[in-house]
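> Requesting a structural model of the entry that follows:
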Amino acid sequence: MPETEAPPGFLWTRMRSDPQYAPEHMALEAVRLLGPEAARWTDRVREESPQLTPDQLAALAIKRFTTLGRISGSVSGAGELPGAVLDVGVLAWTHSRMVLHIAAAYGVDPAAGERAADLLVLQRVHKGPSTARLALGVAAGRERASRLFSGVTVRPLSVVVVKLGVRLSTMAGVRTAKRVFAKVMPGAKIMLGTWVNSASTRDLADRACCRYREAAPAR
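Residues are numbered from 1 along each chain as shown. Presented below is the predicted three-dimensional model:
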């Protein structure tokens, strides 16, 4: 089964229609799609190298995702969103993959529902698990409602770009992006270049390792 290196098309559609809760939609889908992937990878590496400690296995996952080339150009299902939004969306997705692989390295189930709240806290979208869980519940409810009701209001692309860009930037750890996205207009072709910041990625990896090292089941 191929790895899901970028958010799937249906997730972009969902985030465009509900940009305020884009991180929550991404976290829920990341656990569903990427959690099993992380478990499979960890099982395979443990079978090949049983001598590896959880810390060493986590280090392999961190190295893998800090060096993984991100998808460039058009992303399936992203529609008219500018490259800047695609960049931070793919980066947030890659960070989510890394966190879930780190969880699996320490023996914590990466596909369990509570990992979605972990992602939002570790990626500093929410300050604590209670507010993260509340927001996830709201996002899930809005998703269910969108399936039941038609006639959803279509917002101007400029509004979607700004809100979606800022929300995904927060999730991806790109703290200066708000000033950029505030200037984005419909059809803009701006590109933010390579947003993979080794320092922010390492900080996220360190937070995830601390979180899951403490949560690791006793051996």
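> And the helices in the protein?
9-17, 22-48, 54-67, 83-105, 115-122, 129-148, 157-172, 177-181, 198-215 (DSSP state H).
> quick one, which of those is packed in tightest?
Burial of those is given as mean neighbour count (mean count of other C-beta atoms under 10 Å); helix 83-105 ranks first at a mean of 27. For every residue, glycine as well, the C-beta is placed using N, CA and C.
> Nearest spatial neighbour of the spatially most central residue of the chain, chain-adjacent residues omitted?
Central residue of the chain (C-alpha atoms, centre = their mean): residue 93, 3.3 Å from the mean position. Nearest in space to residue 93, with sequence neighbours left out and distances taken as C-beta to C-beta, 6 or more residues apart in numbering, is residue 7 at 4.9 Å.
> try residue 96
residue 30 (4.0 Å).
> residue furthest from the geometric center of this structure?
residue 51 (30.2 Å).
> Roughly how far does it sit from residue 60?
For residue 51, the distance to residue 60 (C-beta to C-beta, to the nearest Å) stands at 13 Å.
> Check residue 162 too.
From residue 162 to residue 60 the distance is 38 Å (C-beta to C-beta).
> How about residue 140?
33 Å.
> Equivalent analysis for residue 207, please.
18 Å.
> Now for the residue nearest to residue 96: which residues touch it?
Neighbouring residues of residue 30 by C-beta atoms under 8 Å, 6 or more residues apart in numbering: 93, 96-97, 100, 116, 119.
> thought the residue nearest to residue 93 was touching residue 25?
No - Residue 7 lies out of contact with residue 25 (C-beta atoms under 8 Å); the separation is 9.3 Å.
> Identify the contacts common to these two.
With C-beta under 8 Å, 6+ apart as the test, residue 7 and residue 25 both reach residue 15.
> ok, residue 19 - contacts?
160, 163-164, 167.
> I should have written residue 113 there, sorry.
residue 31 are the contacts of residue 113 under C-beta under 8 Å, 6+ apart.
> Tell me the pLDDT of residue 15.
Residue 15 carries a pLDDT value of 92.
> from here on, count from 50
Sure thing, new numbering starts at 50, so read that last one as residue 64.
> Spatially nearest residue to residue 90, not counting backbone neighbours?
Using C-beta to C-beta, 6+ apart, the nearest residue to residue 90 is residue 150, at 6.3 Å.
> One more: residue 177?
Counting by C-beta to C-beta, 6+ apart, the residue nearest residue 177 is residue 170, at 6.4 Å.
> Which pLDDT value goes with that neighbour?
98.
> Wait, it touches residue 179, no?
No - applying C-beta under 8 Å as the test, residue 170 and residue 179 come out as separate, 9.8 Å apart.
> Stretch 86-105: end-to-end distance?
One end of stretch 86-105 sits 19 Å from the other (C-alpha to C-alpha, to the nearest Å).
> for it, the distance to its chain's centre please.
22 Å (C-alpha atoms, centre = their mean, to the nearest Å).
> average model confidence for it?
Stretch 86-105 comes out at a mean pLDDT of 97.
> Name the residues that touch it?
Against stretch 86-105 from outside (C-beta under 8 Å, 6+ apart): 50, 52-53, 106, 109-110, 146, 149-150, 152-156, 158-160, 258, 262, 265.
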